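Asker: any chance you could fold what I've pasted below:
(chains A and B)
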Amino acid sequence: MKTKAGRLNKTTKNDLITYGMVILAYIIVQILVSTGHVSSLIQGLLVPFCTYAIVAVALNLTVGILGELSIGHAGFMCVGAFTSAVFSLAFKQTMPAGPRFLIALLIGAASAALVGFLVGIPVLRLRGDYLAIVTLAFGEIIKNIVNALYLGVDSQGIHFTMKDALSLNMEEDGLVLIKGAQGVTGTPNDSNFTVGVVLLIVTLVIVLNFIHSRTGRAVMAIRDNRIAAESIGINVTKYKLIAFTLSASLAGVAGVLYAHNLSTLNALPKNFGYNMSILILVFVVLGGIGNIRGSIIAAVLLTLLPEVLRGLSDYRMLIYSVVLIAMMIFNWSPNVIFFRKRLQQRLTAGKKTGKEEA
Amino acid sequence: MKKKMVSLMLAGAMMAALLAGCGSDGAADGAAETETETTETADTTEAADTTEAADAADAGDTAAAGGTFKIGGIGPLTGGAAVYGVAAKNGSQIAVDEINEAGGINGMTVELNFQDDELDAEKSVNAYNVLKDWGAQVIDGSVTSACSIAVSEKTYQDKVFQLTPSGSAVDCVQYDNAFRICFSDPNQGIASAQYIGENGLASKVAVIYDSSDVYSSGIYEKFAQEAANQPFEIVAAGAFTADNKTDFSVQLQQAKDAGAELVFLPIYYTEASLILTQADSMGFDVQFFGCDGLDGILGVENFDASLAEGVMLLTPFAADATDDLTVNFVAEYNDRFGETPNQFAADGYDTIYTIKAAAEKAGITADMSNEEICAALSQAMTEITVDGLTGDGITWDASGEPAKAPKAVVIKDGAYAAM
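Answerer: Model prediction:
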């Protein structure tokens, strides 16, 4: 093991640690669940952990690797969630759960990718923070469109209106899929922890391999120095679009997981609004920009924190924000980083001398 | 070689940290659980303020004759919809304290643990899981529709009895373990249209509703359907969304131009107070008619209550009703929480008494499993009749819908008066 690990290069080792961490966490949780050591609260949180970890990894691709700021990732989640939920609801009776979820997953990812692509075409040609502005607007637009959308299906085909449910003119046997503000109700609960972890690992495989691929290196070259990248013949817009579309489609996957975990799906400011987008950005910043493993840990910790603090009732949101600030200082303040490095050095030095003595 | 050693060690340390993280995770869980319990008792003591209630709770903890009956409540206690959740929580708490003082349910002391869901379906399910860990035997909630639907999916799986005070969407009670206290949205829409039609209030009606809100759009939909059968026509329907609910001049102008004699407002009171103010400033003098969401309009800060004069609303609860039950409840609520209760508080209060009535009918004891309680209560719900704050002689059928008569009230001299 020692020699094998020694032969691997640094990035591969780093990636293996990330995969190992997820798999190990999965095994430990499964053992604890089967022996009955996990509370219902944590069991209920397992799928949200995966959802937010996936979307944090997806956003890290945009923020950390591509170097562009997106504050509309909740919007892409929303697209993935609604398209897949509509599909699953429409085929709830006629398809078995396995293939239905797989197709829903592909539909969610594809539609979010398409929307991300369309948003990206004009914006990623520009220099500056335009992507942040446009994605911010996009997230809000998507939320409002979904809230005004009525969609139904009956023997006559698909009915669609932006007015109200009456204007759908449905047949008696019709099924209303999206009921405007009431959203989608009755989505089958196909998500579970295993599915979530598998999707998280697939996301990691895609993102980590993308980063180390030729395309990924081109994307990072653009991030680091756009002029230099252009001068050696890298097509800036193309590579930016590839990375952003991939990021959007992975956010769509997170949306699919979200939609199939709950039986109701509404586009509220709370779950798909601006605040959610910022929260995802907080996961990424806290975990370390460009640090994929950090995003996962931060997403899990910050999803868990407000729930664990429930006992403090009214003060929990106050404490949550204080913890956020403390974590931010711990991770990013130059003084603290210096202190941590010194501490680490002293510890490793201490260990080494200890070993030599032994 | 040295470098290798260091990196290996670091990797090892990371794994160890991870393991330690998992370990402390479990410990934190345990700590959180005990914490919830202790703060819960502290909460009840604090909220109760009266020493008798605290004594009763203590007695329940140490030497209860028939054990304790744990009711878990879910609703938004923080955020924009906190008004509704807090009111329902306070109303429920008053009922619980009253019941405990009078000897509990079948000799069992009642304990209420009310968890926050921030008006988010995902958090609502989390809140439900917290309550499950706490050992809740029945669920009082969730206060809002979408959250209630999400929770009902879980209670149905786990076979836990659920009674929502104010989850008004149709799907809230789709399962046979779920019941509700309030009217469903369609019922309110139909009842409003019938009331306006039968009493000949107007021939031209305009509607202003919140298309991004489940409650509001649900009522509007059925109102518009029923209006086709009534002797009036809808001449204008103006929608707004949660993102732009401060300026209603466009919708009001539309209603004015269409010559509306009555404006139907199936919305909550905060927006309604703005609509009334803006209608007054543009000189649009018209009859306003609303549903239970308008209840509370007289308490809006900086709102000239004289503008609400003559507004009619269809609500199951009026805080100034003169029956003993309402008078006592309003006085108690005012005393403890310093404000006049709205219909959510009344719904919360009725929820607890309905659970009590059903539990007594079914002969629930503390040692029954949740599944047995659920089956027994679901059966008993269809057999009981409850005289509550929100209606006399309320009965339920197996679908979970309550049967009660809506009350129409009009605002007269700054107070609600029955019509």
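Asker: and residue 212, what is it in contact with?
Answerer: Reading this off chain A. Taking C-beta atoms under 8 Å, 6 or more residues apart in numbering or on different chains as the definition of contact, the neighbours of A:H212 are A:11, A:15. Heads up, the C-betas are built off the backbone N, CA and C, glycines and all.
Asker: actually it's chain B I care about, not the one you picked
Answerer: B:S212 is in contact with A:144, A:147-148, A:181, B:241-243, counting by C-beta under 8 Å, 6+ apart.
Asker: how far away is it from B:A146?
Answerer: Between B:S212 and B:A146 the computed distance is 12 Å (C-beta to C-beta, to the nearest Å).
Asker: measure the residue lying closest to A:A251 once chain neighbours are set aside to chain B for me?
Answerer: Once its chain neighbours are removed from consideration, A:A251 has its nearest residue in A:F76; the separation is 3.8 Å (C-beta to C-beta, 6 or more residues apart in numbering or on different chains). Counting by C-beta to the nearest C-beta, to the nearest Å, the gap from A:F76 to chain B is 18 Å.
Asker: repeat that for A:I133.
Answerer: Distance, A:I133 to chain B, by C-beta to the nearest C-beta: 18 Å.
Asker: run a quick neighbour tally on that residue.
Answerer: A:I133: 14 surrounding residues under other C-beta atoms under 10 Å in any protein chain shown.
Asker: a helix runs through it, doesn't it?
Answerer: Yes - applying DSSP: H, G, I helix; E, B strand; the rest coil, one finds A:I133 inside a helix.
Asker: surely the residue nearest to A:A251 is in contact with A:G255?
Answerer: Yes - taking C-beta atoms under 8 Å as the contact criterion, A:F76 and A:G255 are neighbours in contact, 7.0 Å apart.
Asker: where does chain B have low pLDDT?
Answerer: When residues are selected by pLDDT under 70, those of chain B lie in B:1-65, B:419.
Asker: redo that, cut-off 50
Answerer: Where chain B drops to pLDDT under 50, the residues are B:1-3, B:5-6, B:8-64.
Asker: joint contacts of B:S212 and B:A146?
Answerer: Taking C-beta under 8 Å, 6+ apart as the criterion, B:S212 and B:A146 do not both touch any residue.
Asker: now the helices for the stretch 1-150 of chain B?
Answerer: B:2-48, B:51-63, B:82-101, B:121-134, B:145-158 (DSSP state H, counting those that start in this stretch).
Asker: if you count neighbours, what's buried in the last one?
Answerer: Of the residues in helix B:145-158, those buried under the neighbour-count criterion (16 or more other C-beta atoms under 10 Å in any protein chain shown) are B:145-156, B:158.
Asker: which of the contacts of B:S212 are buried?
Answerer: The neighbour-count test (16+ other C-beta under 10 Å) marks A:144, A:147-148, A:181, B:242 as buried among the contacts of B:S212.
Asker: least confident of those residues?
Answerer: For these, the least confident position by pLDDT is B:A242, scoring 75.
Asker: tell me the mean pLDDT over stretch A:215-234?
Answerer: Model confidence over stretch A:215-234 averages 94 on the pLDDT scale.
Asker: buried residues in it?
Answerer: A:215-216, A:218-223, A:229, A:234.
Asker: in JSON lines, list the buried ones among the contacts of B:S212 along with distance to B:F288 and secondary structure.
Answerer: Compiled in JSON lines, the buried ones among the contacts of B:S212 are given as follows (distance: C-beta to C-beta, whole Å; DSSP: H, G, I helix; E, B strand; the rest coil):
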{"residue": "A:N144", "distance to B:F288": "27", "secondary structure": "helix"}
{"residue": "A:N147", "distance to B:F288": "25", "secondary structure": "helix"}
{"residue": "A:A148", "distance to B:F288": "25", "secondary structure": "helix"}
{"residue": "A:A181", "distance to B:F288": "23", "secondary structure": "helix"}
{"residue": "B:A242", "distance to B:F288": "21", "secondary structure": "coil"}
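Asker: which two of the residues you listed have the greatest separation?
Answerer: By the measure C-beta to C-beta, A:A148 and B:A242 form the most distant pair in those, at 11.8 Å.
Asker: and the strands in the stretch 251-400 of chain B?
Answerer: Taking DSSP state E, counting those that start in this stretch to define them, one finds strands in the stretch 251-400 of chain B at B:262-265, B:287-290, B:312-315, B:385-388, B:391-396.
Asker: and among these, the most buried is which?
Answerer: Looking across the strands of the stretch 251-400 of chain B with neighbours counted as mean count of other C-beta atoms under 10 Å in any protein chain shown, the highest average goes to strand B:262-265: a mean of 26.
Asker: for it, what is the distance to the chain centroid?
Answerer: Its chain's C-alpha centre lies 24 Å from the corresponding centre of strand B:262-265 when counted by C-alpha atoms, centre = their mean, to the nearest Å.
Asker: partner strands of it, with direction?
Answerer: According to DSSP bridges, the neighbouring strands of strand B:262-265, each with its direction, are strand B:204-210 (parallel), strand B:287-290 (parallel).
Asker: residues contacting it, please?
Answerer: Contacts made with strand B:262-265 from outside it, assessed by C-beta under 8 Å, 6+ apart, are listed as B:192, B:196, B:201-202, B:204-209, B:223, B:232, B:252, B:255, B:272, B:275, B:279, B:286-291, B:294.
Asker: at 6 Å instead, please
Answerer: Contacts made with strand B:262-265 from outside it, assessed by C-beta atoms under 6 Å, 6 or more residues apart in numbering or on different chains, are listed as B:201-202, B:205-208, B:255, B:272, B:286-290.
Asker: so B:I234: helix, strand or coil?
Answerer: The three-state label for B:I234, taken from three-state DSSP, comes out as strand.
Asker: who does it form a beta bridge with?
Answerer: With DSSP bridges as the criterion, the beta-bridge partners of B:I234 are B:V205.
Asker: please verify my assumption that it contacts B:A227.
Answerer: Yes - B:I234 is in contact with B:A227 according to C-beta atoms under 6 Å; the separation is 5.3 Å.
Asker: if anything else comes up later, I'll come back, but that's it for now.
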